[in-house]
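Participant: fold the following for me, if possible:
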Amino acid sequence: MAQETIAAAAPKAEHGQARPLAWRRLAVAAAVAVALALPFAVRNFVVFQLTMAMIYAIAILGLNLLTGFNGQFSLGHSAFFGLGAYTAAILIETLGVPYYWTFPAAGAVCFVFGFLFGLPALRLEGIYLALATFALAITMPQILKSTLFEHWTGGVQGIVVIKPDAPFDLPLSSDQWLYYLTLAIGAIMTACAVNLVRSRSGRAMIAIRDNPIAARAMGIDISLYKTLTFGVSALYTGVAGALSAIVVQFVAPDSFTFALAIGLFVGLVVGGVGSIPGALFGGIFLLFVPNIAEQVSKGLAGAVYGVILIGVIYLMPTGAAGLIRLIANKLTTKWR
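Facilitator: Below is the predicted model:
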């Protein structure tokens, strides 16, 4: 009798699990369709803003791999963002390298830089690691302004980057082409992040975050995984920086200050710590909310931004991704 009851309940359980999966696939397909159609429905300036939101989302995704999935606290990712941007600008304007080669180059440079920075950072945890990365964030603009590197970086004047046209005579403006290019790179890097987190290495990263003593007892090389995660996180942020240099058409030391590092961290928290899709919500928040605050009151833009941020954190303590997940679970439970 019990076996018959279990056998009868199994198809219902499978049907209940299949329905959320179908809704999730439908939502993803709808989001992709909207993303592909948006550049033809809005003005070029809005296309530029959406492109920058995706660029910030890629950088936040890199920070999420480090902080959300590996537990290493960083306040210095603006340095990697700036390093990637300057790598792309120097390669394009000084060395004449085609812009599409600058993305892997910026990623490789930032990976090496992040890996090397992660080696001494192994002895630091928590607030001490945060202080070390804070030092990195405030040092990078000064290095970029230094006369020692002025021949390459342009000093305080920065570097102007020529915006590329759409290839193959595609009927797209430069802004539309860069939007689709950023969308494609973001989709590829998101898929790579998902596969990384679900892999054996990803489980090791999460184990180190949750309980480093237990992870070491299980035979996980904590030093190796921490430094590699730092490198991969810097790679993501460096690619975002390279995209930013091409989209904005300009790089300067004051564009990569500690304020950018704080902005990326705020985007991480608002989007959802440990949530890969949440990086997009964090990028949208990072780009649009300061503009909204300035429209409300130019003299009190900082205060308005603070009030909005407090309200968002109060209403979404687990981030935007957590709120959407909660709503989706309630809807699927209601319709079962």
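Participant: what number of residues lie near A33?
Facilitator: Per other Cβ atoms under 10 Å, the neighbour tally for A33 reads 10. Where C-beta positions appear, they are placed from N, C-alpha and C, glycine not excepted.
Participant: likewise A106?
Facilitator: 29.
Participant: remind me which helix or strand it belongs to.
Facilitator: helix 102-121 (DSSP states H and E).
Participant: so what does that helix touch, helix or strand wise?
Facilitator: Applying 3 or more Cβ pairs under 8 Å, 6 or more residues apart in numbering; DSSP states H and E, we find helix 102-121 packed against helix 77-93, helix 127-145, helix 222-248.
Participant: for it, what is the average pLDDT?
Facilitator: Mean pLDDT, helix 102-121: 92.
Participant: output the helices and strands packed on helix 102-121 as CSV; include the columns distance to F258, mean pLDDT and mean neighbour count.
Facilitator: As requested, the helices and strands packed on helix 102-121 are exported to CSV (distance: least, Cβ to Cβ, whole Å; pLDDT from 0 to 100; neighbours: other Cβ atoms under 10 Å):
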stretch, distance to F258, mean pLDDT, mean neighbour count
helix 77-93, 7, 94, 28
helix 127-145, 5, 89, 17
helix 222-248, 15, 94, 25
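Participant: turn those into JSON lines, including distance to G263.
Facilitator: Below are the helices and strands packed on helix 102-121 laid out as JSON lines (distance: least, Cβ to Cβ, whole Å):
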{"stretch": "helix 77-93", "distance to G263": "8"}
{"stretch": "helix 127-145", "distance to G263": "11"}
{"stretch": "helix 222-248", "distance to G263": "12"}
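Participant: just so I know, which of these lies nearest A59?
Facilitator: helix 222-248 (3.9 Å; Cβ to Cβ).
Participant: mean confidence score for the next helix or strand after that closest one?
Facilitator: Per DSSP H and E, the first helix or strand lying C-terminal to helix 222-248 is strand 250-251. With pLDDT averaged residue by residue, strand 250-251 scores 94.
Participant: show me what strand 250-251 is in contact with.
Facilitator: G82, A85, Y86, A89, G158, I159, V160, V161, A245 (Cβ atoms under 8 Å, 6 or more residues apart in numbering).
Participant: let's see 6 Å
Facilitator: Strand 250-251 is contacted by residues A85, Y86, A89, G158, I159, V160, A245 when judged by Cβ atoms under 6 Å, 6 or more residues apart in numbering.
Participant: and if you look at stretch 104-113?
Facilitator: Against stretch 104-113 from outside (Cβ under 6 Å, 6+ apart): F80, L83, G84, T87, A88, L91, G231, A234, L235, G238, V239, A242.
Participant: and the first one, how far is that from S244?
Facilitator: As for F80, its distance to S244 is 12 Å (criterion: Cβ to Cβ, to the nearest Å).
Participant: next one: the second one
Facilitator: Distance of L83 to S244, given as Cβ to Cβ: 12 Å.
Participant: now the fifth one
Facilitator: A88 sits 8 Å away from S244, taking Cβ to Cβ as the criterion.
Participant: again with the third one
Facilitator: From G84 across to S244, the span is 8 Å (Cβ to Cβ).
Participant: now do F250
Facilitator: F250 is 10 Å from S244, where distance means Cβ to Cβ.
Participant: ditto for A279
Facilitator: For A279 relative to S244 (Cβ to Cβ), the value is 15 Å.
Participant: what residues are up against G76?
Facilitator: Applying Cβ under 6 Å, 6+ apart, the residues contacting G76 are T133, L136, A137, A261.
Participant: repeat that for L124.
Facilitator: L124 touches A132, counting by Cβ under 6 Å, 6+ apart.
Participant: what ranges does the chain have for its strands?
Facilitator: 159-160, 250-251 (DSSP state E).
Participant: helices and strands of this structure: which one bottoms out on pLDDT?
Facilitator: helix 2-37 (a mean of 63; mean pLDDT, DSSP states H and E).
Participant: what's the neighbour count on R325?
Facilitator: By other Cβ under 10 Å, the residues close to R325 number 16.
Participant: pLDDT wise, what is it at?
Facilitator: 76.
Participant: look up how far G272 lies from it.
Facilitator: With the distance defined as Cβ to Cβ, R325 ends up 9 Å from G272.
Participant: I'd like the average pLDDT over stretch 61-75.
Facilitator: Mean predicted confidence for stretch 61-75 is 91.
Participant: contacts made by that stretch with the rest, please.
Facilitator: So stretch 61-75 is contacted by 77, 129-130, 133-134, 193, 197, 205-206, 209, 229, 233, 236-237, 261, 264, 268, 273-274, 279 (Cβ under 6 Å, 6+ apart).
Participant: which positions within it qualify as buried?
Facilitator: 61-75 (16 or more other Cβ atoms under 10 Å).
Participant: sorry, back to before: what is the orientation angle of the helix holding A106 with helix 77-93?
Facilitator: 140 degrees (axes from the mean of the first three to the mean of the last three Cα atoms, to 10 degrees).
Participant: next one: helix 102-121 to chain centre, how far?
Facilitator: 16 Å (Cα atoms, centre = their mean, to the nearest Å).
Participant: same question for it: list its buried residues.
Facilitator: 102-103, 105-107, 109-111, 113-115, 117-118, 121.
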